[in-house]
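# Here is my input, please return the structure:
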Amino acid sequence: MGANVFPPTNKTENMRKKEELAGLSLLGAKGVKYTDNYAPQLLETFVNKHPENEYLVTFNCPEFTSLCPMTGQPDFGRIVINYIPRERMVESKSLKLYLFSFRNHGDFHEDCVNIIMKDLVKLMEPRYLEVIGYFNPRGGINIYPFANYADSEHEAMKQQRLLAQMQRQL
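Numbering: from 1, shown residues only. Model (predicted):
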C-alpha cells in the first residue's frame, strides 16, 4: 500500500468559525416566528468559502403557496432555485422563512418567480441564478414560469438555459 495521501489534520481546521456565522440570526434560533406576509428582510447570507470554484447550489421548495391577486384563492406549487455563488450564499432557513412569507402574498405565478429571482440576485450577487415555478393546475392549466439572471461571464449560459426551458415546454 502507498503512503496516505491525506495527512492527519486538526478536525476543526475546516469547520466554520463563530465569526463566520455572525449575522445569521435565524439558524438555530428558538421561537422563530413564521410570517405569512412577504418579507424579503428575512433573507440572510454567509460567506462562500470556495469562491474560486464554480459550483451549483439547488433548493427545492415543494410546498410553495401564494394567493391569486384577483380571487384571493390559494395557489400551490413547487419552486426550484439553482445558483452559482460568488462571495455570498443564502442561508437555507432564512430562505425557507422567506418563501413561506409568500403565503398571503397576492401575485400571479410569474410575478412570484421574478420577485424571488430579483430578491436573491440583490442579496447575493451570484454568478448565475434561476428560479423555476411548477404550479399546480387551476382551471385546468398548469403554469411553469422560469426567470434567470447571469453576470457577463455567464450570459451564454443564461440564454442556453432559457432556450432549454422553452424546448421542454414544446
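# any idea which element T58 lies in?
Assignment of secondary structure by DSSP states H and E places T58 within strand 57-67.
# ranges for the strands of this protein?
Along the chain, the stretches classed as strands by DSSP state E are 45-47, 57-67, 74-84, 88-90, 128-138, 141-143, 146-150.
# Mind checking the ones you listed for the one nearest to N37?
Of all these, the one in closest proximity to N37, counting by C-beta to C-beta, is strand 57-67 (10.9 Å). Backbone N, C-alpha and C define where each C-beta goes, glycine included.
# and the gap between the residue most central in space within the chain and C68?
In the chain, the centroid-proximal residue (C-alpha atoms, centre = their mean) is I81; its distance is 4.3 Å. Between I81 and C68 the computed distance is 22 Å (C-beta to C-beta, to the nearest Å).
# Compute the number of surrounding residues for E63.
Other residues near E63 number 10, with proximity taken as other C-beta atoms under 10 Å.
# same question but for Y98, I mixed them up
If you count neighbours by other C-beta under 10 Å, Y98 ends up with 24.
# What of F100?
By the other C-beta under 10 Å criterion, the neighbourhood of F100 contains 17 residues.
# can you check V47 too?
14.
# I figured it hits R88, correct?
Yes: judged on C-beta atoms under 8 Å, V47 makes contact with R88 at a distance of 6.7 Å.
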